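**Q** Mind looking at a prediction? Sequence and model below.
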Amino acid sequence: MYEQKTKENDRSVIEFIDRIGNPGKRADAYKLLEIFEETSGFPAKMWGPSIIGFGSYHYKYESGHEGDAPLVGFSPRKAKISLYFATGDPEREALLNDFGKHTAGKGCVYVNKMEDIEVDVLKRLIARSIAFLTERYPK
């Protein structure tokens, strides 16, 4: 049986950010922490060893696979900062057009540093992702 690896835990978000070796990436992580908490209205929680998530939802696919995930989140990785927004939302692509310098995969949006992106668009992506997921997966 499948066991979800990325689970919410009680590790300290601040201690995690303080351990980031690159001072610029650490400063960006603190900026993101403030923006995500303020915009989402949820406190930051660690998910797995390296994702900072905000809020949560329970998903269940037609295949029967189910689990919990943060509504939005980020991870200050060595190469780039990973931002986690809802997939499948048609409004996401339109917002990303105005987001600034980034690359996008199926589940993540990757940025090098905060100065490369539009903070107002980031806030809209956060709010839209939360609205989309809470509509799609009501409690």
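**A** Nice, I can see it. Numbering: from 1, shown residues only.

**Q** Now do the same for the residue most central in space within the chain: helix, strand or coil?
**A** Nearest to the mean C-alpha position of the chain, by CA atoms, centre = their mean, lies Gly73 at 1.9 Å. Classification of Gly73 by DSSP: H, G, I helix; E, B strand; the rest coil places it in strand.

**Q** In contact with it, which residues are there?
**A** By CB atoms under 8 Å, 6 or more residues apart in numbering, the contact set of Gly73 is 36, 47, 51-54, 83-84. C-beta here means a position set from N, CA and C on the backbone, and glycine is covered the same way.

**Q** Nearest residue to it in space, ignoring adjacent ones along the chain?
**A** Nearest residue to Gly73, sequence neighbours excluded (CB to CB, 6 or more residues apart in numbering): Gly53, at 3.7 Å.

**Q** ok, now Val121?
**A** Phe99 (4.8 Å).

**Q** The closest residue to Tyr57 other than its chain neighbours: neighbour count?
**A** Leaving aside its chain neighbours, Tyr57 sits nearest to Tyr137 (4.6 Å; criterion: CB to CB, 6+ apart). Tyr137 is flanked by 14 other residues according to other CB atoms under 10 Å.
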